[in-house]
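Q: could you look at this predicted model? Sequence included:
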Amino acid sequence: MADRDATAPRRRRGRPRGGRTEAREQILAAAATEFGDRGYDGATIRTIAERAGVDSALVHHYFGTKADLFAAAIDIPINPASAIPEVIGTDLDTAGERLVRFVLELWDRPAFRDRGVAMLRSVIGNRRTASLMVGFVSRELIRHIGERIAPGDEGRTRASLVASQVVGLMVTRYVLELEPIASTPVDDLVAAMGPNLQRYLTGPLTPAASA
């Protein structure tokens, strides 16, 4: 009698048994574990797919890029790695105010604010989560935004300064709820902060030499 194990068909990785929802949840669970274990830079679509027991193509099919999958895994409704570079666009001369307005109008939506505040509090209070978020911001935001602004180190420096202002605004207005920033109208904050972000994007980074 032939060995049953030798004649039984091997299960191939691909679409898991069950429906679309089960497949997505299986991938999300694997992604959360993989990002937690390896960090953002160390985790890959391939290793996440292997952990989930599916093909890499299925992960791409459901979630697109690694940045999109990360956004889904941490449960935020928008991927900043694709949204913010689009807001900045190619017209850098007016990007400062556009960026401030985009962030404020997005975070003023109750559904986004609730999840965003929870995420920021987790980052602030947990070293492991903070390290994971730093990897995502550095690779997917600062690098890509920097490439649009200026070449090399200058672009990364400018993008980092922009990120410091945006994160500071989010923490001040939505986590700490520090007045009067917490209740200032969006238009007023755009007018006040837009020029500062614009300087980081396109203006001089060092004071002009005195005559």
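A: Received the coordinates, thanks. Remember, predicted model here, so these are calculated numbers, not experimental data.
Q: quick one, helices of this protein?
A: Using DSSP state H, the helices found in the chain span residues 4-7, 20-42, 45-52, 56-63, 66-73, 80-88, 95-107, 110-125, 127-136, 143-149, 152-170, 186-202.
Q: mind checking those for the one nearest to E177?
A: helix 110-125 (9.5 Å; C-beta to C-beta). Quick note: C-beta positions are derived from backbone N, CA and C, even for glycine.
Q: tell me what that closest one is packed against?
A: Helices and strands touching helix 110-125, by 3 or more C-beta pairs under 8 Å, 6 or more residues apart in numbering; DSSP states H and E, are helix 95-107, helix 127-136.
Q: list the buried residues in the shortest one.
A: Put plainly, it is helix 127-136. By neighbour count, with 16 or more other C-beta atoms under 10 Å as the criterion, the buried positions of helix 127-136 are T129, L132, M133, G135, F136.
Q: what of stretch 84-96?
A: Buried residues in stretch 84-96, counting neighbours by 16+ other C-beta under 10 Å, are found at I84, V87, I88, A95, G96.
Q: circling back: as CSV, the helices and strands packed on helix 110-125 with distance to N79 would be great.
A: Putting these into CSV (distance: least, C-beta to C-beta, whole Å) gives the following:
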stretch, distance to N79
helix 95-107, 12
helix 127-136, 10
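Q: between those, which gets the lowest average pLDDT?
A: Between the helices and strands packed on helix 110-125, the lowest average pLDDT goes to helix 127-136, which shows a mean of 79.
Q: next, the contact list for the residue most central in space within the chain, please.
A: By C-alpha atoms, centre = their mean, the mean C-alpha position of the chain lies nearest to P80, the distance being 4.6 Å. Residues touching P80, when contacts are defined by C-beta atoms under 8 Å, 6 or more residues apart in numbering, comprise A71, E140, L141.
Q: would you confirm that the last one contacts I84?
A: Yes - under the criterion of C-beta atoms under 8 Å, L141 makes contact with I84 at 6.4 Å.
Q: from the contacts of P80, which shows the smallest pLDDT?
A: Of all the contacts of P80, the model is least confident about E140, whose pLDDT is 76.
Q: what is the neighbour count of the nearest residue to it once chain neighbours are set aside?
A: For E140, the nearest residue in space outside its immediate sequence neighbours is A81; the separation is 3.7 Å by C-beta to C-beta, 6 or more residues apart in numbering. A81: 21 surrounding residues under other C-beta atoms under 10 Å.
Q: repeat that for T157.
A: One way to gauge burial is a neighbour count; for T157, by other C-beta under 10 Å, it gives 16.
Q: looking at it, it is touching L205, isn't it?
A: Yes - applying C-beta under 8 Å as the test, T157 and L205 come out as touching, 7.0 Å apart.
Q: what are the C-alpha coordinates of stretch 143-157, in PDB please?
A: Only the C-alpha atoms of stretch 143-157 are listed here, as PDB (Å, rounded to 0.1, in the frame of the first residue of the first chain):
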ATOM      1  CA  ARG A 143      12.600  60.200   1.500                       C
ATOM      2  CA  HIS A 144       9.900  60.600  -1.100                       C
ATOM      3  CA  ILE A 145       9.100  64.200  -0.200                       C
ATOM      4  CA  GLY A 146      12.700  65.100   0.000                       C
ATOM      5  CA  GLU A 147      13.300  63.800  -3.600                       C
ATOM      6  CA  ARG A 148      10.600  66.300  -4.800                       C
ATOM      7  CA  ILE A 149      12.100  69.200  -3.000                       C
ATOM      8  CA  ALA A 150      15.800  69.100  -3.500                       C
ATOM      9  CA  PRO A 151      18.600  66.600  -4.300                       C
ATOM     10  CA  GLY A 152      20.400  64.600  -1.600                       C
ATOM     11  CA  ASP A 153      20.800  65.600   2.000                       C
ATOM     12  CA  GLU A 154      19.200  69.000   1.400                       C
ATOM     13  CA  GLY A 155      15.900  67.400   0.400                       C
ATOM     14  CA  ARG A 156      15.900  65.100   3.400                       C
ATOM     15  CA  THR A 157      16.700  68.000   5.700                       C
END
